[in-house]
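Participant: Please find the sequence and the predicted model below.
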Amino acid sequence: MSADNHIVFDDVSKFYGDVLGVNRVQLSIPPGITTLVGPNGSGKTTLMNLMTGLVQPTRGRIRVLGIAPDDPERLFRLLGYCTQFDSFPKSLTGYDFLYTTLRLHGKGHAEACELSRNALERVNMTEAAGRRIASYSKGMRQRIKLAQAICHRPSVLVLDEPLNGLDPMARAETIALFRALAREGLHIVISSHILHEVDRISDQVVLLSNGYVVAEGQIQAVRGEMHQEHPLQVLVRCTQPGLLAARLFAQDHVVEVKMHNDRQGLLVSTRDPDLFYELLNQLVVEGAVELSSVAPADDDVHSVYEYLIGAEGGAA
Amino acid sequence: MAVYKRGYEGYQGRLTPQWSRALVIARQAYRRVFDSRLMIVFLVLASIAPVVYGILIYLPHNTGALQIFNFRSLLSIDAGFFYHFISGQAFLAFLLTAYLGPGLISADLANNALPLYFCRPFSRTEYVLGKMSVLAILLSAITWVPGLLLFAFQSYLEGFAWFRANFYIATAIFLGSWIWILLLSLLALAMSAWVKWKLAAGALIVGLVWAAAGFAAAMEQMLHTESGGLISILKDMDAVWYSLFRLPNSTGLPFEGAVGALVAVSALSLCLLGRKIRACEVERS
């Protein structure tokens, strides 16, 4: 795939005086939904500010679909940014806010009116468009912020904690919107603390800790690289857990087997999931066990986060 | 990763010229300004002097009025006349700045709104120009615009010879007003950027102008020097007005020195703005 279709960080570092923002970041973000995950102060917002040109890198080079972030006239035609702050003039109505935003983007009056209406419709805020933002709930303010990021029809969306403050219904709608935009081919870069939703949203994740990228890629692929240090846990529900446990203990790659409290299942830790699944298939074919379900227990973002960043990650 | 089919079309339409985007900020600010009754009352009051001065210009040219009283012997329409008009309006401009200026940037800083502005094709310079234009347009409306209208009125009544002989008055009105407008705007924006509490920022603007004048007077008394007046913005500006209107300079300050002092204040204000107007505020630990 061409680098012009990626967001590329080439050995990027950012220092605020003596304070490290991010260090030696090497990333190539393809279209789809990419989530930045990390504790407070890990460098998520710095990374977003770097790709939007709001701060300049101390070292390294950034290209957003082939455009340097220090060229705002070209960059912001194709990029929409939603900050984590409620940063709007509260005396404006939702519609006025979007209209003004679009005029700042250089849209004429007629285009600004039409694009404002489209964006309001997309975030389901048409009915509240005439009300002052000061009277909006937290969820509505999040949605109007999202609308200002998408209203000029950008190709790249950078969204800092866009799900904060949304009720479950609005959250589901917003995630559906992200998925729809990603399906259309947009790059969507999100930072989030809500790890179980990161799993639902993301095509790939970037895990950050203390300014360093500690892992990136599809979460299962990242998890796959960690099997030696952190064996994969698989929950197996079956009819003969004792027999299955006995067969598993004979395998070198199985490091732990725990019987479920109801004695109807096992939690298996294995360093080689492929061999484990092969054995399980064999036992089923032999008729030794009857399976009702098999599911990995720790190949999600939360587990990867715990293993790589640890409990000191705090906020997550 | 999911395989996405690119069906999304970014915006391909026409864009407005880059220079016009700063005015979006001014237009938004004016909506708030004209929502305020106090502002409307103030602008009405500020238009009283131009009307009065217009009548004073007209009366010496009205034969009916001249039969009642010889206004020409009482009032001469010259550089001094226009100086008095413009210095009165300049004082109103100062009051307007102290009232309106403090809220221009402080609200954006308090709301963390600067990243919102700067994640558009919009630079820090354009942001400052946009905010300045809010004051500049309003202050123009009460200073040089009515001043030049009065000058044009007098020229119309007196004829082209008067216009040609007194063209420097129009230049003085225009140039002097702009120096004052730029100075006040920069000072107000700098205070607004550094002092988040509007009332305190307004007080600081008044303090910087009036307290500096008092301090300068005390300095002159104690050190028996006239150059102490350079730290007084009011005295510096007076020296500029006198020079532009070709009137006797009673401030004792040289024109170049006064201009230098005003440029220094403006440069300092710009530095203060440059330090504060940033897309991201970084906390150093």
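Facilitator: Now that the structure is in, tell me what you want to look at.
Participant: B:Ala93 reaches B:Leu182, doesn't it?
Facilitator: No - between B:Ala93 and B:Leu182 there is no contact under C-beta atoms under 8 Å: 11.5 Å. In short, each C-beta sits where N, CA and C put it, glycine included.
Participant: between those two, who's got more neighbours?
Facilitator: Ranked by neighbour count (other C-beta atoms under 10 Å in any protein chain shown), B:Ala93 and B:Leu182 place B:Ala93 first, with 25 against 17.
Participant: roughly how far apart are the more buried one and chain A?
Facilitator: From B:Ala93 across to chain A, the span is 25 Å (C-beta to the nearest C-beta, to the nearest Å).
Participant: so where does that residue fall, helix or strand?
Facilitator: helix B:79-100 (DSSP states H and E).
Participant: That helix: which residues count as buried?
Facilitator: Across helix B:79-100, burial judged by 16 or more other C-beta atoms under 10 Å in any protein chain shown covers B:79, B:81-83, B:85-86, B:88-90, B:92-94, B:96-100.
Participant: need the next SSE after that helix, C-terminal direction.
Facilitator: As assigned by DSSP H and E, the chain's next helix or strand after helix B:79-100 is helix B:103-110.
Participant: for the helix or strand following that following helix, which positions count as buried?
Facilitator: Using DSSP H and E, the helix or strand that follows helix B:103-110 in sequence is helix B:114-118. By 16+ other C-beta under 10 Å, the buried positions in helix B:114-118 come out as B:114-118.
Participant: so which of those residues comes closest to B:Ala172?
Facilitator: Of all the buried residues of helix B:114-118, B:Ala172 sits closest to B:Tyr117, with 36.8 Å by C-beta to C-beta.
Participant: Model confidence for that closest one, exactly?
Facilitator: What the model reports for B:Tyr117 is a pLDDT of 85.
Participant: Skipping its backbone neighbours, what lies nearest it in space?
Facilitator: Leaving aside its chain neighbours, B:Tyr117 sits nearest to B:Tyr127 (5.5 Å; criterion: C-beta to C-beta, 6 or more residues apart in numbering or on different chains).
Participant: Over to A:Val12?
Facilitator: Leaving aside its sequence neighbours, A:Val12 sits nearest to A:Gly60 (C-beta to C-beta, 6+ apart; 3.4 Å).
Participant: One more: A:Asp300?
Facilitator: Per C-beta to C-beta, 6+ apart, closest to A:Asp300 is A:Asp199, 5.0 Å.
Participant: Let me see the backbone angles for B:Ala131.
Facilitator: Actually, residue B:131 is Lys. It isn't Ala. Dihedral angles of B:Lys131 (phi, psi; degrees, to the nearest 10) stand at phi -70, psi -40.
Participant: cool, B:Pro254 as well?
Facilitator: Dihedral pair for B:Pro254: phi -70, psi 150, per degrees, to the nearest 10.
Participant: again with A:Val213
Facilitator: phi -80, psi 120.
Participant: Just give the number of residues close to it.
Facilitator: Per other C-beta under 10 Å, the neighbour tally for A:Val213 reads 21.
Participant: May I have the beta-bridge partners of it?
Facilitator: Beta bridges link A:Val213 to A:Leu208 when assigned by DSSP bridges.
Participant: residue contacts, it?
Facilitator: A:Val213 sits next to A:22, A:25-27, A:206-207 when contact means C-beta atoms under 8 Å, 6 or more residues apart in numbering or on different chains.
Participant: List buried residues within those residues.
Facilitator: Buried by 16+ other C-beta under 10 Å: A:22, A:25, A:27, A:206-207, out of the contacts of A:Val213.
Participant: out of these, which are inside strands?
Facilitator: Counted as lying in strands by DSSP state E, out of the buried ones among the contacts of A:Val213, are A:22, A:25, A:27, A:206-207.
Participant: Reformat these as TSV; add pLDDT and distance to chain B.
Facilitator: Conversion of these to TSV gives the following (pLDDT from 0 to 100; distance: C-beta to the nearest C-beta, whole Å):
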residue	pLDDT	distance to chain B
A:Val22	92	13
A:Val25	94	17
A:Leu27	93	14
A:Val206	92	13
A:Leu207	89	16
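Participant: quick one: contacts of the helix or strand containing B:Ser73?
Facilitator: Taking DSSP H and E as the definition, B:Ser73 sits inside helix B:71-74. Defining contact as C-beta under 8 Å, 6+ apart, one finds that helix B:71-74 is touched by B:56, B:59-60, B:65-66.
Participant: Let me have those residues in CSV, extended by secondary structure.
Facilitator: Formatted as CSV, these follow (DSSP: H, G, I helix; E, B strand; the rest coil):
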residue, secondary structure
B:Leu56, helix
B:Leu59, helix
B:Pro60, helix
B:Ala65, helix
B:Leu66, helix
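Participant: Return a ChimeraX selection command for the buried portion of the residues you listed.
Facilitator: A single ChimeraX command selects the buried members of the contacts of helix B:71-74 (16+ other C-beta under 10 Å):
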select /B:56,59,60
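Participant: re the thing from before, out of the contacts of A:Val213, flag the one nearest to B:Ala261.
Facilitator: B:Ala261 has its nearest neighbour among those in A:Val22, at 45.0 Å by C-beta to C-beta.
Participant: who touches B:Ile105 in this structure?
Facilitator: Residues in contact with B:Ile105 (C-beta under 8 Å, 6+ apart) are B:131, B:189, B:192-193, B:276-277.
Participant: now swap in A:Asp86 and tell me
Facilitator: If a contact means C-beta under 8 Å, 6+ apart, then A:Asp86 has A:141, A:145, B:111-112 as its contacts.
Participant: Drop anything exposed from those.
Facilitator: For the contacts of A:Asp86, buried by 16+ other C-beta under 10 Å: A:141, A:145, B:112.
Participant: what would those residues look like in TSV with distance to A:Gly165 and pLDDT?
Facilitator: Formatted as TSV, the buried ones among the contacts of A:Asp86 follow (distance: C-beta to C-beta, whole Å; pLDDT from 0 to 100):
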residue	distance to A:Gly165	pLDDT
A:Arg141	7	86
A:Lys145	10	89
B:Asn112	15	75
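Participant: returning to that earlier point: dump the contacts of B:Ile105 to TSV, plus neighbour count, secondary structure and pLDDT.
Facilitator: Listed next are the contacts of B:Ile105 as TSV, based on neighbours: other C-beta atoms under 10 Å in any protein chain shown; DSSP: H, G, I helix; E, B strand; the rest coil; pLDDT from 0 to 100:
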residue	neighbour count	secondary structure	pLDDT
B:Lys131	25	helix	92
B:Leu189	28	helix	94
B:Ser192	27	helix	91
B:Ala193	23	helix	91
B:Lys276	16	helix	87
B:Ile277	21	coil	87
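Participant: what's the farthest-apart pair in the residues you listed?
Facilitator: Farthest pair in the contacts of B:Ile105, by C-beta to C-beta: B:Lys131 and B:Lys276, 12.1 Å.
Participant: all helices of the stretch 151-285 of chain B, in order?
Facilitator: Using DSSP state H, counting those that start in this stretch, the helices found in the stretch 151-285 of chain B span residues B:160-165, B:167-194, B:198-223, B:233-244, B:255-276.
Participant: Grab the CA positions of the shortest one and hand them over as CSV.
Facilitator: Provided in CSV are the C-alpha atoms of helix B:160-165 (Å, rounded to 0.1, in the frame of the first residue of the first chain):
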residue,chain,number,x,y,z
PHE,B,160,-10.8,72.7,-2.7
ALA,B,161,-8.3,75.4,-1.7
TRP,B,162,-9.0,74.7,2.0
PHE,B,163,-8.8,70.9,1.4
ARG,B,164,-5.5,71.2,-0.3
ALA,B,165,-4.0,73.5,2.3
